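1. just need the structure, nothing else, for what follows:
(chains A and B)
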Protein chains: 2
Amino acid sequence: MTPTITAFKNSPDRGRGLARDMRVRWALEEVGQPYEVRLVSFAAMKEPAHLALHPFGQIPTYEEGGLALFESGSIVLHLAQTRAGLLPDDANARARAITWLFAALNTVEPPLVERGMAAIMERDKPWFEQRLPMLDARVHKTLGELSRRLGDAEWLDGAFSAGDLMMIGVLFRSKPLGMLGDYPNIAAYVARGEARPAFQRAFDAQLAVFNSHQPAG
Amino acid sequence: MTPTITAFKNSPDRGRGLARDMRVRWALEEVGQPYEVRLVSFAAMKEPAHLALHPFGQIPTYEEGGLALFESGSIVLHLAQTRAGLLPDDANARARAITWLFAALNTVEPPLVERGMAAIMERDKPWFEQRLPMLDARVHKTLGELSRRLGDAEWLDGAFSAGDLMMIGVLFRSKPLGMLGDYPNIAAYVARGEARPAFQRAFDAQLAVFNSHQPAG
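-> Next up is the predicted model:
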């Protein structure tokens, strides 16, 4: 049974890999799992058929036989736990890799999203410039701690894992903020992730969706 | 090997169960796993010994033999996957329960934390009142979607699971915001969680830490 994921029909990122289906596509490519994609419009995301799959009306979702999942973290973890390639064999090392997956989503991503959302939703507000130092400080605190732990290691804990995939997915998504430049080891870590063939295949696949919806030149 | 978790020596919540060790204690109680607690001061959380356990200098952490984990989501998932009581036997139902654990942490908690942090960090700022409707709207959007999915079910997907534990842990932590009252089915769901003997034991244990550090009356 080939799994099916959902992705934006018209992604606001213009195919730059910033939508959350990118992480799931990357995980599918890493484990060598072929997949189908069903594109959904913003209107369709709020309709009952999609809400039955995703109660919060977002993408991505994941369907495989009788199983339906949502949340990119849960989908990536499911792929990592049911296919070879994204978790080490040793039980303790597996648990540590999963800890990094949670750290990416629950510790590193929130200040990046809050900073990014403010720039989108509140840029024209009189308080935007005044709040910026506080938001930037939260991002830098987290990135500084991550940078210190990463050091000059290739990946976060031994071999490349689902923890690295999610951490790099989160950091890649925040590149437009321009805040990774202060952390050369983090920038190099993200670049190592982007250089993986599986990342490139996933990126190309989601970019192709965007290009296929552009009027012929 | 009895696992050891870390918790605040002086919790800012005065023992009201709002610190993130509460979720881990609750999970330990649900699976019947005895545990030790090492209390850490705010100063000790930033020292090398603790940073080696938790690169972001937070609590809780989890140590068991040679294994060291951080992130409450990862610790609860580890307990659920290695002990009986927090995940169903059926593989698909397990994956769905884990999806709810991620939804609690990645979709439901962020707008609640952002609203709560604003009230703590920006209450005296001239823009606080102006931003409040936007922050409240984000919370209500998410709680409305959760309420619609929950309906009149006892738990989110069949029997009580790690997904419910984390969702209720997140919602319980946001009770001081006073925003659950608009959703009677969510309030009743949280109350069902609080009524579980394992929740009560966990709550009492963390309250006892606070009380033991108060000057004798």
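2. could you chop chain A up by domain?
-> Described in terms of automatic domain parsing, the domain architecture of chain A consists of the residue ranges A:4-85+A:198-212, A:91-196.
3. in JSON lines, list those along with mean neighbour count.
-> C-beta coordinates here come from the backbone N, C-alpha and C atoms, glycine included. What follows is these, written out as JSON lines (neighbours: other Cβ atoms under 10 Å in any protein chain shown):
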{"stretch": "domain A:4-85+A:198-212", "mean neighbour count": "19"}
{"stretch": "domain A:91-196", "mean neighbour count": "18"}
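4. need the ones you listed in CSV (columns: mean pLDDT and distance to chain B).
-> As requested, these are arranged in CSV below (pLDDT from 0 to 100; distance: least, Cβ to the nearest Cβ, whole Å):
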stretch, mean pLDDT, distance to chain B
domain A:4-85+A:198-212, 96, 4
domain A:91-196, 97, 4
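5. can you redo those domains as a markdown table with distance to residue B:30?
-> Formatted as a markdown table, the domains of chain A follow (distance: least, Cβ to Cβ, whole Å):
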| stretch | distance to residue B:30 |
| --- | --- |
| domain A:4-85+A:198-212 | 20 |
| domain A:91-196 | 19 |
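6. quick one: contacts for the residue lying closest to residue A:20 once chain neighbours are set aside?
-> Closest residue to residue A:20 apart from its sequence neighbours, by Cβ to Cβ, 6 or more residues apart in numbering or on different chains: residue A:72 at 4.6 Å. Under the criterion of Cβ atoms under 8 Å, 6 or more residues apart in numbering or on different chains, the contact list for residue A:72 reads A:20, A:21, A:23, A:24, A:60, A:166, A:169.
7. over to residue A:128?
-> Residue A:128 neighbours (Cβ under 8 Å, 6+ apart): A:118, A:122.
8. where exactly do the strands run in chain A?
-> With DSSP state E as the definition, chain A shows strands at residue ranges A:4-8, A:36-40, A:61-64, A:67-70.
9. quick one, the second one and strand A:4-8 angle?
-> Translated: strand A:36-40. Orientation of strand A:36-40 against strand A:4-8 (axes from the mean of the first three to the mean of the last three Cα atoms, to 10 degrees) gives an angle of 30 degrees.
10. which elements pack onto strand A:36-40?
-> strand A:4-8, helix A:197-212 (3 or more Cβ pairs under 8 Å, 6 or more residues apart in numbering or on different chains; DSSP states H and E).
11. could you redo the last one with a cut-off of 7 Å?
-> Counting contacts by 3 or more Cβ pairs under 7 Å, 6 or more residues apart in numbering or on different chains; DSSP states H and E, strand A:36-40 is packed against strand A:4-8.
12. mind listing the strands the strand it packs on pairs with, and their directions?
-> Using DSSP bridges, strand A:4-8 pairs in its sheet with strand A:36-40 (parallel), strand A:61-64 (antiparallel).
13. closest to residue B:203 out of the domains of chain A?
-> Closest to residue B:203 of the domains of chain A is domain A:91-196 (Cβ to Cβ; 22.4 Å).
14. measure stretch A:37-55 end to end?
-> The straight-line separation of the ends of stretch A:37-55 (Cα to Cα, to the nearest Å) is 19 Å.
15. contacts for that stretch next, please.
-> In this structure, residues lying in contact with stretch A:37-55 by Cβ atoms under 7 Å, 6 or more residues apart in numbering or on different chains are A:4-10, A:57-59, A:61, A:68, A:70, A:209, B:145, B:149.
16. which of the residues you listed sit farthest apart?
-> Comparing all pairs in these by Cβ to Cβ, the longest separation belongs to A:209 and B:149, at 28.1 Å.
17. ok, now which ones touch residue A:198?
-> Under the contact definition (Cβ under 7 Å, 6+ apart), the residues listed for residue A:198 are A:26, A:29, A:30.
18. show only the entries of those found in helices.
-> Judged by DSSP state H, the contacts of residue A:198 include A:26, A:29, A:30 as members of helices.
19. can I get those in a markdown table including distance to residue B:97?
-> Listed next are the ones in helices among the contacts of residue A:198 as a markdown table, based on distance: Cβ to Cβ, whole Å:
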| residue | distance to residue B:97 |
| --- | --- |
| A:26 | 24 |
| A:29 | 27 |
| A:30 | 24 |
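20. closest to residue A:136 out of these?
-> Taking Cβ to Cβ as the measure, residue A:136 lies nearest residue A:26 of those, at 27.9 Å.
21. OK, contacts around the closest residue to the closest one other than its chain neighbours?
-> Distances taken as Cβ to Cβ, 6+ apart place residue A:202 nearest to residue A:26, at 4.2 Å, with adjacent residues excluded. For residue A:202, the contacting residues are A:22, A:25, A:26, A:29, by Cβ under 7 Å, 6+ apart.
22. swap in 6 Å and give it another go.
-> Taking Cβ atoms under 6 Å, 6 or more residues apart in numbering or on different chains as the definition of contact, the neighbours of residue A:202 are A:25, A:26, A:29.
23. wouldn't residue A:101 be in contact with residue A:168 here?
-> No. With contact taken as Cβ atoms under 6 Å, residue A:101 and residue A:168 are classed as non-touching, separated by 11.2 Å.
24. per-residue pLDDT, residue A:1?
-> Model confidence at residue A:1, given as pLDDT, is 85.
25. phi and psi next, for the residue nearest to it when sequence neighbours are not counted.
-> Once its chain neighbours are removed from consideration, residue A:1 has its nearest residue in residue A:65; the separation is 4.6 Å (Cβ to Cβ, 6+ apart). Backbone torsions for residue A:65, taken as degrees, to the nearest 10, come to phi 60, psi -130.
26. residue A:65 touches residue A:4, doesn't it?
-> No. If you go by Cβ under 6 Å, residue A:65 and residue A:4 don't touch, sitting 10.4 Å apart.
27. which parts of chain A are helices?
-> In chain A, the helices defined using DSSP H lie at A:21-30, A:42-45, A:48-53, A:72-82, A:91-103, A:109-121, A:128-150, A:162-173, A:184-194, A:197-212.
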